[in-house]
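# From the sequence below, what's the structure:
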Amino acid sequence: MSLPQPDSDAVEHSQRLLGQIRDEIARTGWMPFSRYMECALYAPGLGYYSGALQKFGRDGDFVTAPELTPLFGRSLARQLAELMALSAPHLIEAGAGSGRLAADLLAELDRLGAVPQSYRILELSADLRARQQALIAAELPHLSARVSWLDSLPDAFDGVVIGNEVLDAMPVERLHNAAGRIEQAGLALDPSGQPALDWRPAPAALADAAHALGFTDGYDSEINFAARAWVAEWAQRIGRGALLLIDYGFPQAEYYHPDRRSGTLMCHYRHHAHTDPLWMPGLNDLTAHVDFTAIAQAAFDAGMSLAGYTSQANFLLNCGVLELLDRDADALSRAKQNAALNQLTSPAEMGELFKVICMTRDIDAPLTGFLRGDRSHTL
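Presented below is the predicted three-dimensional model:
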């Protein structure tokens, strides 16, 4: 791999996390890949999302849609205003990252006269929480009293839960079919005492799940049981309201297509993508695409209804993103906003890869974001 060289402090940070992972493997003998991914991303103070490293934006490892342009949050705000009017004036954002989306949503909802009575952020990272608090206090001091932070899911909630690029960062199981036998990826210590990838026969439940998804001989992919469980937990807690999720992924038939034989697991470091999840744990993001069929099924099994599923491009256009363009901007500003809009909506960029799915309870009205181009039938 040709990746930027981390500085000495970053290397030391990764080595501390690697030491914890090595110690756990030494105690247990073997670590499932899902547990390794959990440690690499969320180990207190050392995991990628829980450590104090720059993650988002041009100076981080990747750029999310809210970081590109406020057009994303302003368009999304229109759908959230509609959903709150149909349920309750409360929002919860799961995994708010830098806080950019929260600030853009609140500003636009303020302009629309639809500011929620409460905007709560479910954020496990103390570092990210501090950044979110600072951004909202600086940009929206008149609304900051409405914003609070959660350590866990509420017992009950009426309103709208929003998650942008949350599901892809949940720990997955890696499985493959080796001559008819389903094996599970994990980590063991090699002869030098370092963690190394190790495949072992999968428990019956994992093997059955892989066979049901069509893992043929030589097929290697991942299953995100954590995302299914997370959606089911929210579905059990939402009374009258909605769960709206934006992420990259596919319907199940496309996710586990026979030609996609190597799965979707990827790593991101300083805007470079690579495929070695054991490289410098704690310094790079580990992600897998979302199986949206499994997400919809998890919510449905918990009593919610599928209100819509479409591409990000269709959703933003339905929500009026073109109307939000500043037609009076100077030439340079127009060029920048057009470039950002293209990145959000172009099939060659984020427009087709990213999808939007919404599950509701006790809401029957059609939703603006899914009026044209709904793809629920593909799930």
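
# the longest strand in this protein is where?
strand 238-250 (DSSP state E).

# and the very next helix or strand once past that strand, C-alpha only, in CSV?
Sequence order places helix 252-255 as the next helix or strand after strand 238-250, per DSSP states H and E. C-alpha atoms of helix 252-255 as CSV (Å, rounded to 0.1, in the frame of the first residue of the first chain):
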residue,chain,number,x,y,z
GLN,A,252,-29.9,-7.5,-0.3
ALA,A,253,-30.1,-9.1,-3.8
GLU,A,254,-27.5,-6.6,-5.1
TYR,A,255,-25.3,-6.7,-1.9
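
# Residue ranges in the chain under the pLDDT threshold?
Along the chain, the parts satisfying pLDDT under 70 run over 1, 52-62.

# at 50 what do you get?
In the predicted model, the chain carries pLDDT under 50 at residues 57.

# Regarding it, what is its longest helix?
helix 8-28 (DSSP state H).

# ok, then the element right after that one?
Next along the chain after helix 8-28, taking DSSP H and E as the criterion, comes strand 31-32.

# and that next one, which strands flank it?
With DSSP bridges as the test, strand 31-32 is paired with strand 181-189 (antiparallel).

# So which residues make contact with the partner strand?
By Cβ atoms under 8 Å, 6 or more residues apart in numbering, the residues outside strand 181-189 that reach it are 21-22, 25-26, 29-33, 35-36, 173-177, 195-203, 206-207, 210-211, 215, 278. Glycine gets a C-beta too; all of them are placed from N, C-alpha and C.

# Please save the CA atoms from it in CSV.
Extracted in CSV, the C-alpha atoms of strand 181-189 (Å, rounded to 0.1, in the frame of the first residue of the first chain):
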residue,chain,number,x,y,z
ARG,A,181,-18.0,-25.0,5.0
ILE,A,182,-18.7,-21.5,6.3
GLU,A,183,-15.8,-19.9,8.2
GLN,A,184,-15.7,-16.9,10.4
ALA,A,185,-12.9,-14.3,10.3
GLY,A,186,-11.1,-13.5,13.6
LEU,A,187,-7.8,-12.6,15.0
ALA,A,188,-5.2,-14.9,16.7
LEU,A,189,-1.6,-14.2,17.7
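
# Buried residues of that strand, list them for me.
Neighbour counts over strand 181-189 (16 or more other Cβ atoms under 10 Å) mark 182, 183, 184, 185, 186, 187, 189 as buried.

# do the same with stretch 277-290
Buried, per 16+ other Cβ under 10 Å, within stretch 277-290: 277, 280, 281, 282, 283, 284, 285, 286, 287, 288, 289, 290.

# just to revisit the earlier point, against which helices or strands is the longest strand of the chain packed?
With contacts taken as 3 or more Cβ pairs under 8 Å, 6 or more residues apart in numbering; DSSP states H and E, strand 238-250 sits against helix 70-86, strand 157-164, helix 225-237, strand 290-291, helix 292-301, strand 354-361.

# got the CA positions of it in PDB?
What follows is strand 238-250, C-alpha atoms only, in PDB (Å, rounded to 0.1, in the frame of the first residue of the first chain):
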ATOM      1  CA  ILE A 238     -40.300   5.100  18.700                       C
ATOM      2  CA  GLY A 239     -44.000   5.600  19.400                       C
ATOM      3  CA  ARG A 240     -45.400   8.100  16.800                       C
ATOM      4  CA  GLY A 241     -42.500   9.100  14.600                       C
ATOM      5  CA  ALA A 242     -39.800   8.100  12.100                       C
ATOM      6  CA  LEU A 243     -36.400   6.600  11.700                       C
ATOM      7  CA  LEU A 244     -34.600   8.200   8.700                       C
ATOM      8  CA  LEU A 245     -31.200   6.800   7.700                       C
ATOM      9  CA  ILE A 246     -28.700   7.900   5.000                       C
ATOM     10  CA  ASP A 247     -25.800   5.600   4.000                       C
ATOM     11  CA  TYR A 248     -24.100   3.900   1.200                       C
ATOM     12  CA  GLY A 249     -25.300   0.400   0.300                       C
ATOM     13  CA  PHE A 250     -27.600  -1.800  -1.700                       C
END
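
# Which neighbours in the sheet does that strand have, and how are they oriented?
Paired strands of strand 238-250, with direction, are strand 157-164 (parallel), strand 290-291 (parallel), strand 354-361 (antiparallel) (DSSP bridges).

# Of all those strands, which one is nearest residue 10?
strand 157-164 (26.3 Å; Cβ to Cβ).

# residues near residue 170, how many?
22 (other Cβ atoms under 10 Å).

# who are the neighbours in contact with residue 158?
87, 88, 90, 238, 239, 240, 241.

# From residue 343, how far out is residue 101?
Using Cβ to Cβ, to the nearest Å, we find residue 101 at a distance of 16 Å from residue 343.

# The closest residue in space to residue 154 that isn't next to it in sequence: neighbour count?
Closest residue to residue 154 apart from its sequence neighbours, by Cβ to Cβ, 6 or more residues apart in numbering: residue 237 at 6.2 Å. Around residue 237 there are 18 other residues, counting by other Cβ under 10 Å.

# ok, now the one 10 residues further on?
Here the number of neighbours of residue 247 (other Cβ under 10 Å) works out to 23.
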